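**Student:** kindly generate the corresponding structure for this input.
(4 chains)
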Number of protein chains: 2
Amino acid sequence: MATSTVENYLKHVLLLSDGSEALVPMGALAAAVAVVPGTATTMVKALADEGLVEHQPRHGVRLTGEGRRVALNVLRKHRLVETFLVHVLKMDWAKVHDEAEQLEHAISDEVLDRLDALLGHPQTDPHGDPIPSRQGKLSSQVYATLATCITERSLRIVRVTEQSTEFLQFAEQHGLQPGTSLRVTDRNLTAGLVTVRKPTGRAIPLSIAAAGKILVEPEGKG
Amino acid sequence: MATSTVENYLKHVLLLSDGSEALVPMGALAAAVAVVPGTATTMVKALADEGLVEHQPRHGVRLTGEGRRVALNVLRKHRLVETFLVHVLKMDWAKVHDEAEQLEHAISDEVLDRLDALLGHPQTDPHGDPIPSRQGKLSSQVYATLATCITERSLRIVRVTEQSTEFLQFAEQHGLQPGTSLRVTDRNLTAGLVTVRKPTGRAIPLSIAAAGKILVEPEGKG
DNA sequence: GTCGCAATTTTGAATAGTCAAAATAAAACT
DNA sequence: AGTTTTATTTTGACTATTCAAAATTGCGAC
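**Tutor:** Numbering: from 1, shown residues only, chains lettered A, B, ... in the order given. Have a look, this model is predicted:
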C-alpha cells in the first residue's frame, strides 16, 4: 500500500499536470510537496521504480495509469472530506483544506463510499473543484476566470482554484464563493486590477492574479 | 507534535495500565503495539527523554502527567470516531476499530469538538467504553444513554439525569423510568431523533437531547 | 557556436522507526 | 545457593524520508 508520502507526491503530480499529458517539472513538484528539489528527485526515482510515475531525467515526471488511479483516489478523498467538513461539521471554508490534507491519507475506501452517500454523491467540493468519481473520472470542464471573462455581464462563480488560507479567507470575507453572482465592472490590465460588483453590494477590487483564481460561467446556464 | 507512532505507544500504555499506577511490562506494550520487544524498549527510552513516560528499566513503563494528557486525547479521538462511524455512517460494529485506529491520529482537535457536538456529547462509544472528557477525565462507571447505546438490544433504564418537571412528566407519561425495559429501534442523528419501544407498547420518539438524559444498561447484568 | 544561469541530479549525512539476534538481568525452581 | 527460564535490553543493520551542498546538464542569450 502506498504510504501517505507517496500518495501526496502522486496527488500533486496529478494536480500540476492539470489534465494534460505534459511533464511536470521537478521544481514545481518539489515546491508543491514542500521539499527541496533533491528530495523530489530521489522520491520520484523511487516512484518510477514502483511503476507509479514515468521519470524523464532533467525534464520532469508524468503519472502512469496506475499512478493516476492512486492519485485520483486520494483527490477524491480530499475533496469529499472537505465537503463533509463544510456541510456536515459546518467548518470554516478556509480551514478545511489543511484538515483534509491529513485525513485524505487516513480514511479507508469504505468510509469514503459512505461519506459520499451521506453527502448525496456531490459533484464538486465547497471550492467548486470537481470530485473524481469512484471510477476515477474527473470532469474537466474549462471555465473563464475573472481575469479573462467579458465585462458587464452577469456571471456566477463556479470555482476558486487557490487553496491558501489567506486567499480563501479574503474570498470568504468578500463573499466570493462558488454560487455567488457578480459581474466584472472594470478591468485594467496595465494597472493589474479587476473590479467586480455583486448585485447587492459595492465594488470589490481584485488583483489580476487573484481574479485569475476565480472561475466563472455566464449566469443562467447548466 | 507527537507523531502517530508516539501517540499509539502512549495510548496503549494508558489502556494497559487500566486506571492504576502500576507499571506496564515491556512485553505487554510490545505486543499491544505489535512490535518486537527490543523496539518497544528503544521507543520507550525515547519517550522517557521527552518526558512522556517514566521508564524503570527491567520493570516497566508508566505515563507521566503530560503523557497521560496526550494519551487521553488520542483515546477520546478514537472513541468519538468509532461512535461517529457506527451512528452516522452506519458502519459495521466490528470494522470500526481498525478504521478509528487510523483516523485517531489524523483528526484535529477542532474536528474532534465538532464531532462531539454532532453526536450529542456521548459518554460512551458504541461498545460502552467511556469516552474521556475534553478536560481529560475518564470515568470508570459510565452508562450508555439512549442516544449512544447500540440499537435493537434489550436494555433497562438505570437513571434519568434531568430534574426538570417538564422532562420528568414527559418521561413518566411514556413510562420511561428507572427499571423500565426497552430497546432502541431507530436512531437518526441527522434528524436528531431516536425511537424506542417498550416490550409491550408502540414506538416512542425522543429528541437526541432527551435520549441523552436517559441512562441504560444491557438487560440482565449487574 | 560558446557561455552562463537556472534547474536538476548526485552525494553524504541525518532522523524516526523497525527487526534479528546476542547479551544480560530478574525471577523461579530445584 | 546454583541453575534454568523468561523478560528485557543492547547491538548492528535496514528502510523511508529528508536536507545541504556540490556536481552536472540543458537551454537561451549573446
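**Student:** show me which residues of chain A sit near DNA strand C.
**Tutor:** By Cβ under 7 Å from any atom of the strand, the residues of chain A that approach DNA strand C are A:25-28, A:30, A:37-38, A:40-42, A:44-45, A:55, A:57-60. For the C-beta atoms, the positions are set from N, CA and C on the backbone; glycine is no exception.
**Student:** residues making contact with stretch A:3-20?
**Tutor:** With contact meaning Cβ atoms under 8 Å, 6 or more residues apart in numbering or on different chains, stretch A:3-20 is reached by A:2, A:24, A:28-29, A:32-33, A:40, A:43-44, A:47, A:52-53, A:61-63, A:67-68, A:70-72, A:74-75, A:78, A:104-106, A:138, A:140.
**Student:** equivalent analysis for stretch A:108-122, please.
**Tutor:** A:73, A:76-77, A:80-81, A:83-84, A:87-88, A:107, A:131, A:134, B:85, B:88-91, B:95, B:99, B:102.
**Student:** tell me how far the ends of stretch A:47-64 are from each other?
**Tutor:** End-to-end span of stretch A:47-64 (Cα to Cα, to the nearest Å): 10 Å.
**Student:** buried residues in that stretch?
**Tutor:** The neighbour-count check on stretch A:47-64 (16 or more other Cβ atoms under 10 Å in any protein chain shown) flags A:47, A:48, A:52, A:53, A:55, A:60, A:61, A:62, A:63, A:64 as buried.
**Student:** right, and the pair among the residues you listed with maximum separation?
**Tutor:** A:52 and A:60 (14.7 Å; Cβ to Cβ).
**Student:** next, count neighbours for residue A:175.
**Tutor:** Residue A:175 has 13 neighbouring residues, counting by other Cβ atoms under 10 Å in any protein chain shown.
**Student:** hmm, back to that, helices - which of the buried residues of stretch A:47-64 land there?
**Tutor:** Counted as lying in helices by DSSP state H, out of the buried residues of stretch A:47-64, are A:47, A:48.
**Student:** could you give the bridge partners of residue A:207?
**Tutor:** Beta-bridge pairing for residue A:207 (DSSP bridges): residue A:193.
**Student:** isn't it right up against residue A:193?
**Tutor:** Yes: shown here, residue A:207 and residue A:193 form a contact pair, counting by Cβ atoms under 8 Å, at 6.8 Å.
**Student:** how about the strands of chain A, start to end?
**Tutor:** Per DSSP state E, chain A carries strands over the ranges A:53-56, A:60-63, A:144-145, A:155-160, A:181-188, A:193-197, A:203-207, A:214-218.
**Student:** low-scoring stretches of chain A, by residue?
**Tutor:** Where chain A drops to pLDDT under 70, the residues are A:140-142, A:144, A:148-149, A:189-190, A:192, A:220-222.
**Student:** up against DNA strand D, what does it have?
**Tutor:** Counting by Cβ under 7 Å from any atom of the strand, chain A comes close to DNA strand D at A:3, A:5-6, A:33-39, A:42-43, A:46, A:58-59.
**Student:** narrow the residues you listed to those in helices?
**Tutor:** With helices taken from DSSP H, the overlap with the residues of chain A next to DNA strand D comprises A:5, A:6, A:33, A:37, A:38, A:39, A:42, A:43, A:46.
**Student:** select only the buried ones of the residues of chain A next to DNA strand D in ChimeraX?
**Tutor:** ChimeraX command restricting the residues of chain A next to DNA strand D to the buried ones, with burial defined by 16+ other Cβ under 10 Å:
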select /A:6,33,35,43
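**Student:** OK, contacts around residue A:39?
**Tutor:** Going by Cβ under 8 Å, 6+ apart, residue A:39 touches residue A:30.
**Student:** that older thread, list only buried entries from the contacts of stretch A:3-20.
**Tutor:** The buried subset of these (16+ other Cβ under 10 Å) comprises A:2, A:24, A:28-29, A:32-33, A:40, A:43-44, A:47, A:52-53, A:61-63, A:67-68, A:70-72, A:74-75, A:78, A:104-106, A:138.
**Student:** tell me how many other residues crowd residue A:199.
**Tutor:** Residue A:199: 10 surrounding residues under other Cβ under 10 Å.
**Student:** meant to ask about residue A:21, not that
**Tutor:** Residue A:21, neighbours per other Cβ under 10 Å, totals 7.
**Student:** so what's the closest residue to chain B within chain A closest to, chain neighbours aside?
**Tutor:** Nearest residue of chain A to chain B (Cβ to the nearest Cβ) works out as residue A:106 at 3.7 Å. Distances taken as Cβ to Cβ, 6 or more residues apart in numbering or on different chains place residue B:106 nearest to residue A:106, at 3.7 Å, with adjacent residues excluded.
**Student:** my read: the one you found touches residue A:105, true?
**Tutor:** Yes: with contacts counted by Cβ under 8 Å, residue B:106 reaches residue A:105, the gap being 7.0 Å.
**Student:** the contacts of stretch A:108-122 in helices, which ones?
**Tutor:** A:73, A:76, A:77, A:80, A:81, A:83, A:84, A:87, B:85, B:99, B:102.
**Student:** from these, which is closest to residue A:212?
**Tutor:** The shortest gap between residue A:212 and any of the ones in helices among the contacts of stretch A:108-122 belongs to residue A:83, at 24.4 Å (Cβ to Cβ).
**Student:** surely that closest one is in contact with residue A:131?
**Tutor:** Yes: here residue A:83 lies in contact with residue A:131, judged by Cβ under 8 Å, at a distance of 7.3 Å.
**Student:** now do the shared contacts for those two.
**Tutor:** Residues touching both residue A:83 and residue A:131 by Cβ under 8 Å, 6+ apart: A:122, A:125.
**Student:** many thanks, have a good one.
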